[in-house]
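Student: curious how this folds, go ahead:
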Amino acid sequence: MAGPILVFDSGVGGLSVVASLRRQLPDAALAYACDNAMLPYGVRDDDWLVERILAVCEAAVVASGCIGLVVACNTASTLALEALREHLAVPVVGTVPAIKPAAGMSETRHIGLLATSATVARPYTLRLIREFAGDCQVTRIAADPLVVEAERWVAGERPDPDVLRRTLSPMAEMVNLDTMVLGCTHFPLLRDWLVAAAPRRVRWVDSGDAIARRAGQVMTDRDCRQGRETGWVTAPSEALSRGLSGFGFTETRLLSLG
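Tutor: Residues are numbered from 1 along each chain as shown. You can find the predicted model right below:
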């Protein structure tokens, strides 16, 4: 069986993982699916989300003819990864915040986690911190406005520097902070602007390359060289179609959920 690797996210955040996949698996065909009709996921009930994620991913797997699924969304991974693996006939690779590598490279033992309010509060995130950064001070910053700014950027608008500065302003009080985890896949899309807006210099760490490496291990390059590079959306959007084309998805189609 041959086909593309399918990348799924609630919105455009998974495009940061697409960029990593294109660097590490340059010959692989990719497809993209986003549930833009229900963005943002972070404000929705967990049980409803699990059912919705299963429905969208099952439909996208069938429509794309993919050989594997990359869930490039922290919310979807923490809530529905096991259910997806049980229901789908293709391998599934999930996403977790890059807390382990950040702890490994921090010299001051003070790292930050920049994520959505849902992610910073989830028990899953707290378990990651206890397991991989138990000897670190980990400061969590809810940064929901950055999701909107990343969506705007992919749609062709410049991020608002005032929003970025306000969101990152807590960093000014973190004297020993030396490493910041971008704990939402939307955020690496804004990396250059975040570096410029941050009140102090830090290392910025995300999980995109680790996800791409794992996908390459699970989905062999030979198998994923074939397939149409299509972007699948759950609601029509000309701006989103233009944004997806900038990442190589020249065709955007509406995903039918039956």
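Student: how about the strands in the stretch 51-200 of the chain?
Tutor: Along the stretch 51-200 of the chain, the stretches classed as strands by DSSP state E, counting those that start in this stretch are 68-71, 92-93, 110-115, 137-142, 179-182.
Student: tell me what the third one is packed against?
Tutor: In terms of contacts (3 or more C-beta pairs under 8 Å, 6 or more residues apart in numbering; DSSP states H and E), strand 110-115 is packed against helix 99-105, helix 123-132, strand 137-142, strand 179-182. Where you see a C-beta, it was placed from the backbone N, CA and C, and this is true even at glycine.
Student: so what's the gap between it and the chain middle?
Tutor: Relative to the centre of its chain, strand 110-115 is centred 16 Å away, using C-alpha atoms, centre = their mean, to the nearest Å.
Student: now do stretch 200-211
Tutor: Worked out by C-alpha atoms, centre = their mean, stretch 200-211 lies 12 Å from the chain centre.
Student: what does that stretch rub up against?
Tutor: 16-17, 19-21, 23-24, 70, 72, 93, 95-98, 101-102, 105-106, 112, 171-172, 174, 177-182, 185, 187-188, 191, 194-195 (C-beta atoms under 8 Å, 6 or more residues apart in numbering).
Student: ok, back up a step: most tightly surrounded among the helices and strands packed on strand 110-115?
Tutor: Most buried of these by mean neighbour count (mean count of other C-beta atoms under 10 Å) is strand 179-182; its value is a mean of 26.
Student: direction included, what does it pair up with?
Tutor: strand 110-115 (parallel), strand 203-205 (parallel) (DSSP bridges).
Student: picking up where we left off before, which one of the strands of the stretch 51-200 of the chain lies nearest to Thr252?
Tutor: strand 68-71 (18.6 Å; C-beta to C-beta).
Student: confidence score at the closest residue to Pro199 other than its chain neighbours?
Tutor: Sequence neighbours aside, Ala172 is the residue nearest to Pro199 in space, at 4.0 Å (criterion: C-beta to C-beta, 6 or more residues apart in numbering). Reported pLDDT at Ala172 in the predicted model: 96.
Student: measure the residue of the chain positioned farthest from its centre to Gln24 for me?
Tutor: Most distant from the centre of the chain: Val175, at 28.4 Å, with distances by C-alpha atoms, centre = their mean. Going from Val175 to Gln24 by C-beta to C-beta, to the nearest Å gives 36 Å.
Student: and for Arg158, the neighbour number?
Tutor: 9 (other C-beta atoms under 10 Å).
Student: got the contact list for the residue nearest to it when sequence neighbours are not counted?
Tutor: With C-beta to C-beta, 6+ apart as the criterion, Arg158 has its nearest non-adjacent residue at 7.9 Å, and that residue is Arg152. Counting by C-beta under 8 Å, 6+ apart, Arg152 makes contact with Arg158, Pro159, Asp160.
Student: can I get these in TSV with distance to Arg213 and pLDDT?
Tutor: As requested, the contacts of Arg152 are exported to TSV (distance: C-beta to C-beta, whole Å; pLDDT from 0 to 100):
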residue	distance to Arg213	pLDDT
Arg158	32	94
Pro159	28	96
Asp160	33	97
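Student: pick the one among these closest to Gly258.
Tutor: Gly258 has its nearest neighbour among the contacts of Arg152 in Pro159, at 36.6 Å by C-beta to C-beta.
Student: list the contacts of stretch 54-65.
Tutor: 3-4, 6, 8, 31, 33, 35, 66, 69, 71, 80, 83-84, 87-88, 90, 227, 230, 232, 234, 253, 255-258.
Student: ok, and the closest non-adjacent residue to Phe187?
Tutor: Nearest non-adjacent residue to Phe187, counting by C-beta to C-beta, 6+ apart: Leu146, 5.6 Å away.
Student: rewinding a little: just the contacts of Arg152 now: which is nearest Glu238?
Tutor: Distances from Glu238 to the contacts of Arg152, taken by C-beta to C-beta, are shortest for Arg158, at 18.5 Å.
Student: next one: the closest one from Glu149, what distance?
Tutor: 9 Å.
Student: can you show me the CA trace of the longest helix anywhere in the chain as PDB?
Tutor: Assignment by DSSP state H gives helix 46-64 as the longest helix of the chain. This file holds the C-alpha atoms of helix 46-64, laid out as PDB (Å, rounded to 0.1, in the frame of the first residue of the first chain):
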ATOM      1  CA  ASP A  46     -13.600  16.700  26.300                       C
ATOM      2  CA  ASP A  47     -16.200  13.900  25.500                       C
ATOM      3  CA  TRP A  48     -17.600  15.800  22.600                       C
ATOM      4  CA  LEU A  49     -14.000  16.500  21.300                       C
ATOM      5  CA  VAL A  50     -13.100  12.800  21.300                       C
ATOM      6  CA  GLU A  51     -16.100  11.900  19.200                       C
ATOM      7  CA  ARG A  52     -15.500  14.800  16.800                       C
ATOM      8  CA  ILE A  53     -11.800  14.000  16.400                       C
ATOM      9  CA  LEU A  54     -12.500  10.400  15.700                       C
ATOM     10  CA  ALA A  55     -15.100  11.400  13.100                       C
ATOM     11  CA  VAL A  56     -12.900  14.000  11.300                       C
ATOM     12  CA  CYS A  57      -9.800  11.800  11.300                       C
ATOM     13  CA  GLU A  58     -11.700   8.700  10.100                       C
ATOM     14  CA  ALA A  59     -13.200  10.700   7.200                       C
ATOM     15  CA  ALA A  60      -9.800  12.300   6.400                       C
ATOM     16  CA  VAL A  61      -8.000   8.900   6.400                       C
ATOM     17  CA  VAL A  62     -10.500   7.500   3.900                       C
ATOM     18  CA  ALA A  63     -10.600  10.600   1.700                       C
ATOM     19  CA  SER A  64      -6.800  11.000   1.500                       C
END
